[in-house]
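J.: Next input, structure requested:
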Amino acid sequence: MNGGEALVETLASHGVDTVFCVPGESYLAVLEGLRRNDNSMRLVTNRHESGAAFAANGYAKISRKPGIAFVSRGPGATNASIGVHTADQDSIPLVLFIGQIPLIEMGREAFQEIDYKAFYGTIAKAVLEPLNATDVARATADALTLAQSGRPGPVVVVLPEDVTEADGGDIAIPVPRAATTGQASDAQISAAAAMIDKAERVLIIGGELIKSEAATMQLGAFAESIGGAVVAAFRCQDVLNNDHPAYVGLFGLGRPPYLKETWAEADLVILAGSRLDAITSEDFALRDDDKTILMLHPSADTIAQIGPDMGIAAAVGPTLQALATATETPGAERAAWQVKLRGSFEDFQAKAPEALGKVDMTAVIRHVDSRLAGIDHIVTNDAGNFSTWLHRHFRYRLADSQAGPMAGAMGYAVPSAVGAALARDSARVVAFVGDGGFMMTGQELSTAVQNGLKVTVIVCDNSHYGTIMMHQHRYAGPGNYAAIDLNSPDFAAVGAAYGAQTWRVETTDQFPAAFDAALAHDGPGLIHVLTDIRDISAGGPLKDPG
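T.: Predicted coordinates:
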């Protein structure tokens, strides 16, 4: 058995059934192993390495299993780095395998040579590089375990070409090991329960670890038990059914006044699987506020970075269950505060600025919400101002139904939709992307076509890098814009060329029929929605664009 075959056997023994790749000559032995195992392991060929890495991210986020991607050395590895960074900031278990130059050529600036430990060292949990064929299986098993342990994240495995092709004899395939996560002690539960019982207004921020641990039910039961109000961390809105009476909104971009007041009024903030990232914390302003904070997170290092009043480094779901039992029945004031905030959330969702253009994105999102409410679905989104309508007006009612980049990476939506669709083939996947983001990785729609996936891509096209235009408007004044104009193609024609069914929407009233037809189509579709740059975000139009 050679090193490449041992790698594939290890993946199979650990339950891996889907891998993403852009093929390369630097890992031919692995590709041959995957070919021989094509009856048990699905090999998805992507169109760009960033697409492979993003697809693996989307797969992992929805399946809660490690996402696996293979790329070649040098250019392939650097192209895939955006997916590693996204997995790091989103706490996603990702294992990126990179074909590498032969051992004998290392350190001589060989063709496409990179020092991967230096390159990935700050954004990956670890960079592993087996130096002989018998060590490949161990490195693969270690990577799978490490990616899922504690705070999940990306692990890079570098595969020297001669190592994967070398015969290792009778290589032992490691058995799967459980990911390691701590458990809260009785003393910690008692101390945390005392903090909660003392508070009058408890705000719970549900984060990405609620999603990765499948702890939505525990979060809901905990909020009911203590009478706390739940807000979602940035792009984590599926941590709790948005129709739940304890759910009161999203700590995201363009935060409404009622949520700013919510933070000000809370006398205890519980970080439930949230690292209080930059967007959620308003560029760390909330981290620096003098609030009493209880943090539940599996990583002691992440807790130390935040510096809460009390931190419990343990699995979040079981900790919430224990606290729900250990705390007292909440007082009337706490329950009334939750009810008040829920009313404010409902009022905020009901209102919307009037659109200036021919397409009202509020109406678009509300129609999508109404049609997806009764079926299994997943929504992915890219970075961009168009996503503000989605965050404000779509209700996430299902666990594992949202995949959006907390890292704010453009080009995420379409390839992550491919991964999400493969993770749960019963779901209809809808990907929201801007014209700029689609031009980066929209070719992965071809991957969806090749694999017959039920993916509907909605391209919101205002022919601008709208978010950057908004920031320039604030910084330099109306009309003082640079590098933001885009010459958008006919995206419907592009989608048709890839083999998808397509529709073009120029007015609000055209969208319902187009979306309903896309849902009825048993395969990939693309809806090209032409929007007006003046309608810059769900918060309101751009004043005096110049």
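J.: pLDDT value on residue 195, please?
T.: pLDDT recorded at residue 195 is 97.
J.: and it, how many neighbours does it have?
T.: For residue 195, the tally of surrounding residues (other C-beta atoms under 10 Å) stands at 18. Where C-beta positions appear, they are placed from N, C-alpha and C, glycine not excepted.
J.: before we move on, what about residue 139?
T.: By other C-beta under 10 Å, 25 other residues sit near residue 139.
J.: thinking it is in contact with residue 156, fair?
T.: No: the pair residue 139 / residue 156 is not scored as a contact, 10.6 Å apart, by C-beta atoms under 8 Å.
J.: Check the contact lists of these two and give me the overlap.
T.: Both residue 139 and residue 156 are contacted by residue 128, under the criterion C-beta atoms under 8 Å, 6 or more residues apart in numbering.
J.: What residues are bridge-paired with residue 428?
T.: Per DSSP bridges, the residues bridged to residue 428 are residue 377.
J.: check contacts around it.
T.: Neighbouring residues of residue 428 by C-beta under 8 Å, 6+ apart: 372, 375-378, 454, 456, 519.
J.: quick check, nearest of these to residue 179?
T.: Relative to residue 179, the closest of those is residue 378; by C-beta to C-beta it sits at 23.7 Å.
J.: in what helix or strand does residue 230 lie?
T.: For residue 230, the enclosing helix or strand under DSSP states H and E is strand 229-232.
J.: hang on, I meant residue 7
T.: Element membership for residue 7, per DSSP H and E: helix 3-13.
J.: tell me which strands and helices that helix is in contact with?
T.: helix 28-36, helix 133-148, strand 154-160, helix 161-165 (3 or more C-beta pairs under 8 Å, 6 or more residues apart in numbering; DSSP states H and E).
J.: Can you check what angle separates that helix from helix 28-36?
T.: Interaxial angle, helix 3-13 versus helix 28-36 (axes from the mean of the first three to the mean of the last three C-alpha atoms, to 10 degrees): 40 degrees.
J.: Rounded mean pLDDT for helix 3-13, please.
T.: 97.
J.: which element follows it toward the C-terminus?
T.: Using DSSP H and E, the helix or strand that directly follows helix 3-13 along the chain is strand 18-21.
J.: Show me the contact partners of that following strand.
T.: Contact partners of strand 18-21, identified using C-beta under 8 Å, 6+ apart, comprise 11, 31, 34, 41-46, 52-53, 55-56, 59, 67-71, 419, 422-423.
J.: Now do the residue of the chain positioned farthest from its centre, the pLDDT please.
T.: Distance from the C-alpha centroid of the chain, by C-alpha atoms, centre = their mean, peaks at residue 169 (40.3 Å). We note a pLDDT of 92 for residue 169 in this prediction.
J.: for residue 334, same thing?
T.: The model reports residue 334 with a pLDDT of 93.
J.: That one reaches residue 203, doesn't it?
T.: No: taking C-beta under 8 Å as the definition, residue 334 is not a contact partner of residue 203, at 10.7 Å.
J.: mind showing which ranges of this structure have poor pLDDT?
T.: For the chain, residues meeting the criterion pLDDT under 70 lie at 545-546.
J.: Domain parsing of it, as residue ranges.
T.: For the chain, automatic domain parsing gives the domain ranges 3-165, 186-350, 361-530.
J.: Looking at these, spot the one closest to residue 176.
T.: Residue 176 sits nearest to domain 3-165 of all the domains of the chain, at 4.8 Å, using C-beta to C-beta.
J.: Quick one: distance of the closest one to the chain centre.
T.: Here the centre of domain 3-165 is set off from its chain's centre by 19 Å, with C-alpha atoms, centre = their mean, to the nearest Å.
J.: just to revisit the earlier point, can you name the residues in contact with the strand holding residue 230?
T.: By C-beta under 8 Å, 6+ apart, the surrounding residues in contact with strand 229-232 are 201-206, 219, 223, 238-240, 244, 246-252, 259, 262, 266, 337-338, 341-342.
J.: Over to stretch 449-458?
T.: Residues outside stretch 449-458 that contact it (C-beta under 8 Å, 6+ apart) are 44-45, 364, 368, 413-414, 417-418, 421-422, 425, 427-433, 438, 442, 445, 448, 495, 498-500, 515, 518-519, 522-527, 529.
J.: Same question for stretch 145-153.
T.: Residues from elsewhere that reach stretch 145-153, judged by C-beta under 8 Å, 6+ apart: 66, 87-88, 91-95, 124-126, 154-155, 176-181, 209, 212, 275, 297-299, 301-302.
J.: from these, which ones fall inside strands?
T.: Applying DSSP state E to the contacts of stretch 145-153, the entries found in strands are 94-95, 126, 154-155, 297.
J.: Closest one to residue 404 out of those, please.
T.: Each of the ones in strands among the contacts of stretch 145-153 was scored against residue 404 by C-beta to C-beta, and residue 94 proved nearest at 16.1 Å.
J.: Same list (the ones in strands among the contacts of stretch 145-153) but as a markdown table, adding distance to residue 326 and neighbour count.
T.: Shown next, in a markdown table, are those (distance: C-beta to C-beta, whole Å; neighbours: other C-beta atoms under 10 Å):
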| residue | distance to residue 326 | neighbour count |
| --- | --- | --- |
| 94 | 35 | 30 |
| 95 | 37 | 27 |
| 126 | 36 | 17 |
| 154 | 35 | 35 |
| 155 | 36 | 28 |
| 297 | 19 | 29 |
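J.: picking up where we left off before, enumerate every residue touching the residue farthest from the centre of the chain.
T.: Residue 169 sits next to 1, 134 when contact means C-beta under 8 Å, 6+ apart.
J.: Quick check: phi and psi on it?
T.: Here is the backbone geometry of residue 169 (degrees, to the nearest 10): phi 80, psi -140.
J.: Would you format the domains of the chain as TSV with distance to residue 540 included?
T.: Shown next, in TSV, are the domains of the chain (distance: least, C-beta to C-beta, whole Å):
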stretch	distance to residue 540
domain 3-165	29
domain 186-350	9
domain 361-530	10
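J.: Any of the contacts of strand 18-21 buried? List them.
T.: Neighbour-count burial (16 or more other C-beta atoms under 10 Å) is assigned, among those, to 11, 31, 34, 41, 44, 46, 52-53, 55-56, 59, 67-71, 419, 422-423.
J.: Narrow the residues you listed to those in strands?
T.: Among the buried ones among the contacts of strand 18-21, the members found in strands (DSSP E) are 44, 67-71.
J.: can you give me the helices for the stretch 251-400 of the chain?
T.: For the stretch 251-400 of the chain, helices defined by DSSP state H, counting those that start in this stretch occupy the ranges 257-265, 300-306, 316-326, 332-350, 361-372, 387-393.
J.: Any idea which of those gets closest to residue 81?
T.: Taking the helices of the stretch 251-400 of the chain one by one with C-beta to C-beta, helix 300-306 is closest: 22.0 Å.
J.: next one: that closest one to chain centre, how far?
T.: Computed by C-alpha atoms, centre = their mean, the chain-centroid distance of helix 300-306 equals 21 Å.
J.: got the buried residues for that helix?
T.: By neighbour count on 16+ other C-beta under 10 Å, the buried set for helix 300-306 is 302-303, 306.
J.: got the residues you listed as JSON lines, with distance to residue 396 columns?
T.: Shown next, in JSON lines, are those (distance: C-beta to C-beta, whole Å):
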{"residue": "302", "distance to residue 396": "24"}
{"residue": "303", "distance to residue 396": "27"}
{"residue": "306", "distance to residue 396": "25"}
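J.: List just the nearest of those residues to residue 476.
T.: The closest of the buried residues of helix 300-306 to residue 476 turns out to be residue 306 (C-beta to C-beta; 34.8 Å).
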